[in-house]
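>>> sharing a model that was predicted from the sequence below.
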Amino acid sequence: MIHRRLSLVLAMLVVAALPSCAQSGIAKTITEAEVHSLESALADDSMEGRLTGTPGGARAARYIAAQMKLLDLAPLGDSGYFQRVPVTATDSSIDLRASFSDAAPGRHETAVNVVGMLQGSDPKLAGEIILVDAHYDHLGVGKPVNGDSIYNGADDDASGTVAVLAVAHALAGTHPKRSILFALTTGEEEGLLGTNWMIAHFPVPIDSVVANLETEMIGRPDSLAGGAGKAWLTGYDRSTMGAMLAREHIPIVADPRPAQHFFERSDNIAYAQRGIPAHTLSTFNLHADYHQPSDDISRIDFAHMTAVINAAVHAVALLANGTVPVWNPGGRPTATPPGS
Ligand SMILES: [Zn+2]
């Protein structure tokens with residue numbers, strides 16, 4: 001998740017504004033052991049904090065692509081599951097280049113998004129896409145705190161990345177009616193770089209995306225959402241998505257801290273500003289390890305995280321097989337979100 005001030009600046013910059021629910025099959029229940037296995041790989045010190053455009057970031061991307069291959073998702077990058085993203089790195093920032101031939105100053109690096117699709121089974125609905133995404137990047141190696149210099153981002157957002165892979169695993173054999181695009185993006189912490197590139201180079205016609213559910217920071221329970229196993233949805237009242245999930249008794253409530261503007265602080269906002277009902281599922285409780293080296297796997301509550309992932313599986317199955325959400329009156333964000 002990006003810092004609030006940066007996100008508000010970004011929201012203003014994006015004025016460009018690029019322009020009964022039967023399931024087809026029974027989803028697999030995800031186990032705590034599976035969640036632990038994925039999370040311990042992504043939050044391991046060997047991933048060096050998964051900074052955009054670095055060897056650690058590339059290692060995380062290869063791990064994600066290998067998981068997608070195991071599930072036999074269709075590779076929708078420009079290089080297998082990888083969608084290459086041109087960036088420049090300087091001592092102070094990482095920025096998107098306009099193209100691979102853009103000679104912007106700084107060290108030129110290639111970052112990647114990782115993208116795979118589960119093809120829909122219904123001839124009438126398979127052309128409609130549900131986008132399920134999270135950012136896999138974090139802050140890399142930096143200023144040591146209490147002797148630890150690796151910013152592992154176990155919660156932010158290895159946890160959301162695990163959710164996307166686990167949802168793909170749970171639904172892979174269920175023949176959902178709509179197609180589900182699974183995307184793990186880079187450069188969110190630097191200002192949605194990977195998502196902005198992906199929107200400009202979308203692997204399928206972007207107008208076929210009918211809903212977006214992002215997962216961000218689900219590794220610890222939030223008492224304001226009801227505690228362990230409960231999650232909240234950003235921008236809950238903006239579209240009919242929240243009410244759809246509530247009708248199915250999925251344990252997902254409204255974001256209890258609207259003043260934090262979480263709806264505007266992650267990749268979903270870029271899709272919402274394009275008109276796609278797009279929300280983020282989270283359980284971030286404002287813990288003090290946010291963007292610190294102490295955001296470590298030792299502080300993940302795996303029973304909670306597994307329960308939230310199974311709620312996300314149910315939610316995505318509903319989106320893929322039931323009705324699609326629409327904006328409520330006044331809910332679609334303008335290019336500059338309120339409060340910025
Ligand atoms: Zn973050």
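Thanks, I have it. Just so we're clear, the structure is a prediction, and the values are computed from it rather than from any experiment.
>>> distance check, residue 221 against residue 251.
The gap separating residue 221 from residue 251 is 12 Å, by CB to CB, to the nearest Å. No exception for glycine: its C-beta is placed from N, CA and C like everyone else's.
>>> and if you look at residue 174?
Distance from residue 174 to residue 251, by CB to CB: 21 Å.
>>> what's the overlap in contacts for residue 221 and residue 251?
229, 230 (CB atoms under 8 Å, 6 or more residues apart in numbering).
>>> what's the burial count for residue 147?
Using other CB atoms under 10 Å, residue 147 has 6 other residues around it.
>>> likewise for the one 3 residues further on?
Here the count is done by other CB under 10 Å, and residue 150 has 21 residues near it.
>>> phi and psi next, for it.
Residue 150 has phi and psi values of phi -100, psi 120 when expressed as degrees, to the nearest 10.
>>> what residues sit buried inside stretch 118-130?
118, 120, 121, 122, 125, 128, 129, 130 (16 or more other CB atoms under 10 Å).
>>> so which of residue 221 and residue 251 has more stuff around it?
When neighbours are counted by other CB under 10 Å, residue 221 comes out ahead of the other of residue 221 and residue 251, with 21 against 18.
>>> isn't that one up against residue 230?
Yes: with contact defined as CB atoms under 8 Å, residue 221 counts as touching residue 230 (7.3 Å).
>>> residue 76 and residue 179 touch, don't they?
No: with contact defined as CB under 8 Å, residue 76 does not reach residue 179; the gap is 10.2 Å.
>>> so in the protein, which strand runs the longest?
Longest strand in the chain, counting residues (DSSP state E): strand 107-118.
>>> got phi/psi on the nearest residue in space to residue 171 that is not next to it in sequence?
Computed as CB to CB, 6 or more residues apart in numbering, the closest residue to residue 171 that is not its neighbour in sequence is residue 27, at 5.6 Å. The phi and psi values for residue 27, taken as degrees, to the nearest 10, are phi -70, psi 150.
>>> please tell me how far residue 27 sits from the ion.
As judged by CB to the ion, to the nearest Å, residue 27 and the ion stand 29 Å apart.
>>> show the pLDDT at that residue.
Looking at residue 27, its pLDDT reads 90.
>>> enumerate the residues of the chain near the ion.
Within the chain, the residues that sit near the ion (CB under 5 Å from the ion) are 1, 156.
>>> can you show me the strands along the chain?
Going by DSSP E, the chain shows strands at 74-75, 82-89, 94-96, 107-118, 129-135, 140-145, 148-151, 179-185, 209-215, 231-233, 252-254, 278-282.
>>> in the second one, what counts as buried?
When you say that, I think you mean strand 82-89. 82, 83, 85, 86, 87, 88, 89.
>>> before we move on, what about the fourth one?
The neighbour-count criterion (16+ other CB under 10 Å) identifies 109, 111, 112, 113, 114, 115, 116, 117, 118 as the buried residues of strand 107-118.
>>> make JSON lines from those residues and add distance to residue 244 to it.
Converted to JSON lines, those look like this (distance: CB to CB, whole Å):
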{"residue": "109", "distance to residue 244": "40"}
{"residue": "111", "distance to residue 244": "34"}
{"residue": "112", "distance to residue 244": "33"}
{"residue": "113", "distance to residue 244": "28"}
{"residue": "114", "distance to residue 244": "28"}
{"residue": "115", "distance to residue 244": "25"}
{"residue": "116", "distance to residue 244": "25"}
{"residue": "117", "distance to residue 244": "23"}
{"residue": "118", "distance to residue 244": "20"}
